[in-house]
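Engineer: let me see the structure of the following:
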Amino acid sequence: MSSAREDLADVLAALHLQAQSGQIEALLRYLELLQRWNAVYNLTAVREPAHMLTLHLADSLSLLPALDRHETPQETPQETRRVLDVGSGGGLPGMVLAIMRPRWQLVLVDAVQKKCAFLRQVAATLQLRNVEVVHGRVEQLRLPGFDCITSRAVGELAELVRISEHVLLAGGSWAAMKGSVPEAELQALPAGIVHDIEFLDVPGLQARRCVVWMHRAQASAPPRPGDS
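Structural biologist: Numbers count the residues shown, from 1 in each chain. Take a look at the predicted model:
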């Protein structure tokens, strides 16, 4: 029977992601904390550790190659981008991104206090100095702008745009993780918001996954998969 460490190594290899030993340890420790807190605070409906690794950790890691390919606004170097994770919940994908990209600045926001308490504990335990946890509603945020806004749990795309557009930098993009392509949601996007679909291949997961890239019409379009 394979160990979580071996399974994680397989996931990283399948996604062509490089990770230092400290990052691998941090990802495994994060998974352990998620399992422990979930028993008391019900952070996720997924209970089995192996399922957590695939449905949460691998799923979040699958977004990283897409983010790495995606351009940031000209004034922001790729390696120092600011990312807002809306409705972060148990830290997915925000905490995973923070572990894998220590030079990025991650702000994780959630309206549920117990989830924010968990996120702060994880950041403290793993000594993630690039993580800020904010308890509150996204539409009430008054923070410096972000190069990218991620979401894995917020429902409607139009709602995500509505509540967070005020903190997206000019030239920035939303990266909303979805299952199948949400055609009805795409039709409901506000005027002036354009989109592109990038399919994600999550190791060990048979279900369809994609990221919906959205940006203001005057911004440069994100590169399509396979573009050089």
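Engineer: mean confidence for the longest strand along the chain?
Structural biologist: Longest strand of the chain, by residue count under DSSP state E: strand 168-178. Strand 168-178 shows a mean pLDDT of 96.
Engineer: paired strands for it, with orientation please.
Structural biologist: Using DSSP bridges, strand 168-178 pairs in its sheet with strand 146-151 (parallel), strand 209-216 (antiparallel).
Engineer: just after that strand, pick out the following helix or strand.
Structural biologist: Next along the chain after strand 168-178, taking DSSP states H and E as the criterion, comes helix 183-187.
Engineer: contacts made by that next one with the rest, please.
Structural biologist: Residues outside helix 183-187 that contact it (Cβ atoms under 8 Å, 6 or more residues apart in numbering) are Glu156, Leu157, Ala158, His195, Val212. The C-beta positions use only the backbone N, C-alpha and C, and glycine is treated the same way.
Engineer: from Arg103, how far off is the fourth one?
Structural biologist: The reference is to His195. According to Cβ to Cβ, to the nearest Å, His195 stands 28 Å off from Arg103.
Engineer: farthest pair within the contacts of helix 183-187?
Structural biologist: Greatest spatial distance among those (Cβ to Cβ): Glu156 and His195, at 13.3 Å.
Engineer: those two: who's more crowded?
Structural biologist: His195 (17 against 14; other Cβ atoms under 10 Å).
Engineer: mind checking the SS state of that one?
Structural biologist: Using DSSP: H, G, I helix; E, B strand; the rest coil, the structure places His195 in strand.
Engineer: surely it and Cys210 touch.
Structural biologist: No - with contact defined as Cβ atoms under 8 Å, His195 does not count as touching Cys210 (11.0 Å).
Engineer: and the contacts of the helix or strand hosting Leu12?
Structural biologist: Element membership for Leu12 (DSSP H and E) is helix 4-14. Helix 4-14 is contacted from outside by 18-19, 24, 27-28, 31, 49-50, 53, 57-58, 61, 201, 203-204, using Cβ under 8 Å, 6+ apart.
Engineer: at 10 Å instead, please
Structural biologist: Residues outside helix 4-14 that contact it (Cβ atoms under 10 Å, 6 or more residues apart in numbering) are 2-3, 17-19, 23-25, 27-28, 31-32, 49-50, 52-54, 57-59, 61-62, 64, 100, 201-204.
Engineer: that's all I had, so thanks and see you.
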